[in-house]
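> need a 3D model of the following:
(chains A, B and C)
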Amino acid sequence: MQELLLDPDRCFDPDPAQKQVARHLYECVSELPLICPHGHVDPRLFADPDYDFGSPADLLIIPDHYVFRMLYSQGVPLEQLGVPTRDGAPVERDHRKIWQTFADHFYLFRGTPTGIWLRDELCSIFDVTEKLTSESAQRIYDQIAAKLASPEFRPRVLFDKFNIEALSTTDAATDTLEYHRAIRESGWAGRIVPTFRPDAVVNIAAPDWRPNISKLSEVSGIDVGGYDAYIQALENRRAFFKSMGATATDQSAQSAYTGELTPVQANGIFQRALRGQATPEDAARFNGHMLMEMARMSIEDGLVMQFHAGSWRNHNQALFDRFGPDKGADIPVATEFTRNLRPLLNKYGSDPRLTLILFTLDEATYSRELAPLAGHYPALRLGPPWWFFDSYYGMRRYRELVAETAGLYNTVGFNDDTRAFPSIPARHNLWRRAEANWLAGLVVRGLVDVADAQEMIHDSAYRLAKRAYRL
Amino acid sequence: MQELLLDPDRCFDPDPAQKQVARHLYECVSELPLICPHGHVDPRLFADPDYDFGSPADLLIIPDHYVFRMLYSQGVPLEQLGVPTRDGAPVERDHRKIWQTFADHFYLFRGTPTGIWLRDELCSIFDVTEKLTSESAQRIYDQIAAKLASPEFRPRVLFDKFNIEALSTTDAATDTLEYHRAIRESGWAGRIVPTFRPDAVVNIAAPDWRPNISKLSEVSGIDVGGYDAYIQALENRRAFFKSMGATATDQSAQSAYTGELTPVQANGIFQRALRGQATPEDAARFNGHMLMEMARMSIEDGLVMQFHAGSWRNHNQALFDRFGPDKGADIPVATEFTRNLRPLLNKYGSDPRLTLILFTLDEATYSRELAPLAGHYPALRLGPPWWFFDSYYGMRRYRELVAETAGLYNTVGFNDDTRAFPSIPARHNLWRRAEANWLAGLVVRGLVDVADAQEMIHDSAYRLAKRAYRL
Amino acid sequence: MQELLLDPDRCFDPDPAQKQVARHLYECVSELPLICPHGHVDPRLFADPDYDFGSPADLLIIPDHYVFRMLYSQGVPLEQLGVPTRDGAPVERDHRKIWQTFADHFYLFRGTPTGIWLRDELCSIFDVTEKLTSESAQRIYDQIAAKLASPEFRPRVLFDKFNIEALSTTDAATDTLEYHRAIRESGWAGRIVPTFRPDAVVNIAAPDWRPNISKLSEVSGIDVGGYDAYIQALENRRAFFKSMGATATDQSAQSAYTGELTPVQANGIFQRALRGQATPEDAARFNGHMLMEMARMSIEDGLVMQFHAGSWRNHNQALFDRFGPDKGADIPVATEFTRNLRPLLNKYGSDPRLTLILFTLDEATYSRELAPLAGHYPALRLGPPWWFFDSYYGMRRYRELVAETAGLYNTVGFNDDTRAFPSIPARHNLWRRAEANWLAGLVVRGLVDVADAQEMIHDSAYRLAKRAYRL
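Below you'll find the predicted structure:
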């Protein structure tokens, strides 16, 4: 029955010769530990040894914007899926009903990565052997609920079962990392490390920027009344994150603009921002300057720098007002790297101490800008296909568009980038299979030999991520 | 002999396993009726039961800019192909000679959709069993001419033979729909419905805008002297189209800009336009405003809204001056949807009464903007690959770039979008085959099961179009 | 052993049916002479019958920015690879050591076109039968060095062995073509022709523009003190190039902007440039004007016009300062053709005397702009995939994105575009194989018949280039 649901050769091209090579390459790496260097799993899961995931809807639907945005796109209100409102207005609380609505619409995910991950997850983790339909919904709910109640479904147990070697979370610059501390102090051996994400104290246009600056003063013990103190406070926090195991930072912005300000200019903007008088132009220039500053700090403290560009956050204003951020309404925009990154790359891109990992939501930039840039600047590496492109065909396009110019070795393996902890094995599995199939395609076309392909799949599945993220 | 020309497994990938699944899926839908919700067939064909297509050149060459632009691109003057000039300057009138020129250059269409449609059409509809070459040209001309003279080649007979369930034409807002009326009054059962196309009365920069406004006054019986009357006249015409069976509207613009004006602003621009003093900026703002107004009207009257963005019309000025529009010289431009559609989508994109179907000529927007937007906003659906992308590889890219993010169910099946009535079956056939092959590729990779793929091909070939266009 | 390195069916899809057709098509053209209508081979190679390539590092590493940029991207300094500095600062001179460094990093080229060409070149030309690794490096060095010392490795001998029918070099407008003259006067029968490249005297923003204008005065015998004399001098040089066998020109610019200036405007800018007072805006307008002027001249003198758009040259300023241009730091930028080329195409695009061949580094423009433009304007043809896209998957994308709209016959076959003379057969071989595989894919899908595919591969491999470049 399981084999009906999960083809052991899934993701491989149907040609028997290619399939055989793909299967061989996949088997070379299918048992390797997982390196998870970028994601959004909540560290609380591991701080409490008895952490409980809640109901199947708590686990798989309510917090997952990949899931509920698809139902929303077909007219299902988020309230009906139990997504909490900002003002506490009531939403559906019957989790069986939420689950039924989800199952009734599961056909929407046919051929999508979310559908493929969920099928894998239900089958591999929850031993569900029938297809999720309106009819089977409640039986499957029962089956998942029973599993979730059992001791093998504590996150720490799953962490070991999933064979995770290291997992990085994403944490605000002002985070006290108390859960990370608790994990460390608990004596548990799992390696969970924080990632320094300064967006909320860098983006002076964000509504919460000023309260976050206050918080920054508080946690750093440095009174952030001016630009110099601000930089000191950030350096202080980076040192703290590093002391807690962090190996990387992460920044996000709509544009990839970089450009250095003089200290006087930077402080001028900073002071206007403190007074609530910064313009959109100020915000853009400050952000471009802070990308350069973060590169400088990375060179000094050795934290790997990640930069995610090109998402228009919270495109649907009414939905944002009612439900807040991360509700499936972040929409990509065209992104420009060649001109925008030139200041940063000219100043720091050839420094051997820097690793800068880039992510894009504009696939037109893969072959036009990112692969040529990564194929030149020593500091630059390309992150795996991000978000919408973390998918079977997305991975294929990524390799076909990037690898001929940048090679494999200017990329960094896989990131699962997920909040949904139990989906991690399914995501890495899809990557490893898609990569095995890509390489098998090169082998059967005589473009790469098997010995090289074996090295490459090992690099792609494990070594590149470990090395690039210094884990 | 026919099999030499038309491989029964054409369009399917060569791998035997995939081919078998593709053939099975194709056979599930090959006999389903055709839904033709967007196109440019002249309703006169059906108003007159004895309508005569004319010569083979009248049917296949002279009116088809897909055909003659390719010969033009290789130096064949349009005059030599019988394309009429605006000023009546003489052009080739010997249709056998035109046909010979076409056949002499038919090699230009190798591997193009036009070549594939024509081969299918000649074989399936005109029983031509030899290849079109310089040598066979006149024999094939005779064969087609004989068929065209026979009673089975009246459009109404073909309509039934083609198994068309519904066919939408495209009609100016000022059209009296007299041929649609004649069809209805004739008692013939074929379903031919108009589509409301307001471009000529919306685009204040068009040279004929003022005469078209006069015509709008005339046909609506409303004196369009100001913006309020203009809106009333448009609503009046929409109601009339609806009464004549219309289920949809269609707008076209170079940019996807949307943005609402105040009534005072809108009237100001409208008055400047009436005086011939509107600026290009006025035209852009007015168009952006009217897209929003059309969305509002669609919510009120239930007509599905279509929007085609991104074509630079009549790029070749000298050719336009001599021959007029639609001569194969419309060239796409880069198009931006995320920012441009935000005002419209924020105001109307979550309204369950609206269906807005988008088309693009910029494939970079498929995965970057359109799929994420359609995967979020309930009102939004993506039209099939348009124009140049209504092709085998165009369809493949469309699905690979769109389906993983938006799913199948935020798309609307196929549009043949053609003036060339006898090419309709060939176009739908190519779509159904390409879709069967795409789905078979998912099946043999274990990403979708056969039962789901059967549902999906049925949706793609028939149900999605019928539902989205409310036909 | 060789078969282990070079699969005789390399580049072909693995499906047996497709592979068989691909092999058949490839065999139809594998022995055809090579037409090399655009490249950067130094004519000195052929002026001296005893020309010596130097060491393996001289031949394959030190002058090849495709090679050393990949090692640079992984932290190997160019000094270590023997790349000469501008100021003569010392660099590695031990060529065995350079070769070892290269071999140590050869894994970086896995799956890249450079890796594939090098493997082919080592095997086919130097009879190397083992894989290049750290361990085999010095043995292979010896083997290549021995070959290079033998008389069969003089360029003229290789030219015949490679079966090259014609090879175009690229030469500055001010070049005296002395090596071309020496070749002609030597009585050797090989056809080496110059190409007129006026960039250095057209780009008024280039630092060397004024000295180059002085040189232009000198070589043309026309005192270039104003715009009229400048145009005369260019026409004079074109006539000289033509007398030396040139059939084409080539221009390069970051933007594809075209637009005509009045003579007064043109001379105004020219005078400001002579005084060193031209603005960036002047440079852009002058370049756009000179593209139009070059089209006019091509119409008058019959030289084919090539235009390469979209490269940001010398992106890494510090590297440029130390090593000069062409060091692997040219990065593409988004490019726009539809609007930018309209002035040129409206004035000259329908003139039967003009052939304008376009190249792009922005693949998003293939299907959006270039294929529709080439599928309309009689003067326009698309060059093959350029630079980063001269690769297996780059070729595949090019055909899939271009051919359905523009057909095969608005493209011009292959350009090897290389400085690396011994890599020419490997590059043409990859093209011919990739094209055979593309066409075989159309055949096994029933989209093109075998007879047509045979014509198409012949056109693609030989006839289109010969015809388009008037060779």
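> residue ranges with poor pLDDT in chain A?
A:1-4 (pLDDT under 70).
> walk me through the domains of it.
Recorded structural domains for chain A (assignment: automatic domain parsing) are A:2-51+A:154-468, A:53-150.
> now do the longest one: distance to the chain's middle.
A distance of 6 Å separates the C-alpha centroid of domain A:2-51+A:154-468 from that of its chain, computed with Cα atoms, centre = their mean, to the nearest Å.
> for the closest residue to chain C within the stretch 201-350 of chain A, grab phi and psi.
Closest approach between the stretch 201-350 of chain A and chain C, counting by Cβ to the nearest Cβ: A:Thr338, at 4.8 Å. Heads up, the C-betas are built off the backbone N, CA and C, glycines and all. When read as degrees, to the nearest 10, the backbone of A:Thr338 gives phi -60, psi -50.
> tell me, how many residues neighbour it?
Around A:Thr338 there are 22 other residues, counting by other Cβ atoms under 10 Å in any protein chain shown.
> wait, isn't it in contact with C:Ile331?
Yes: using Cβ atoms under 8 Å, A:Thr338 makes contact with C:Ile331 at a distance of 4.8 Å.
> which residues are in contact with both of the two?
A:Glu369, A:Leu373, C:Trp312, C:His315 (Cβ atoms under 8 Å, 6 or more residues apart in numbering or on different chains).
> now do the strands in the stretch 301-450 of chain A.
For the stretch 301-450 of chain A, the strands defined by DSSP state E, counting those that start in this stretch occupy A:304-309, A:311-312, A:331-332, A:356-360, A:380-382.
> hmm, I was thinking of the stretch 1-150 of chain A
Counting by DSSP E, counting those that start in this stretch, the strands of the stretch 1-150 of chain A are A:34-36.
> how about the residues of it by chain B?
Those residues of the stretch 1-150 of chain A that sit near chain B, judged by Cβ under 8 Å from any Cβ of the partner chain, are A:4, A:6-7, A:9-15, A:69-70, A:72-75, A:107-113, A:116, A:131.
> for the residue positioned nearest the centre of chain A, what are its contacts?
Nearest to the mean C-alpha position of chain A, by Cα atoms, centre = their mean, lies A:Asp417 at 2.1 Å. By Cβ under 8 Å, 6+ apart, the residues touching A:Asp417 are A:His38, A:Gly39, A:His40, A:Trp386, A:Trp387, A:Asp390.
> C:Leu234: which of the residues you listed is nearest?
Checking the contacts of A:Asp417 against C:Leu234 by Cβ to Cβ gives A:Trp386 as the nearest, at 48.5 Å.
> what is the burial count for that closest one?
21.
> was I right about it contacting A:Glu363?
No: applying Cβ under 8 Å, one finds A:Trp386 not in contact with A:Glu363, separated by 10.1 Å.
> do a quick rundown of the helices in the stretch 351-471 of chain A.
A:364-365, A:371-374, A:392-406, A:424-444, A:450-458, A:464-468 (DSSP state H, counting those that start in this stretch).
> as JSON lines, the strands of the stretch 301-450 of chain A with distance to chain B would be great.
Shown next, in JSON lines, are the strands of the stretch 301-450 of chain A (distance: least, Cβ to the nearest Cβ, whole Å):
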{"stretch": "strand A:304-309", "distance to chain B": "12"}
{"stretch": "strand A:311-312", "distance to chain B": "5"}
{"stretch": "strand A:331-332", "distance to chain B": "5"}
{"stretch": "strand A:356-360", "distance to chain B": "9"}
{"stretch": "strand A:380-382", "distance to chain B": "17"}
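> most tightly packed of these?
By mean neighbour count, with neighbours taken as mean count of other Cβ atoms under 10 Å in any protein chain shown, strand A:331-332 ranks first of the strands of the stretch 301-450 of chain A at a mean of 28.
> C:Ala22 versus the residue of the stretch 201-350 of chain A closest to chain C, what's the distance?
Distance, A:Thr338 to C:Ala22, using Cβ to Cβ, to the nearest Å: 36 Å.
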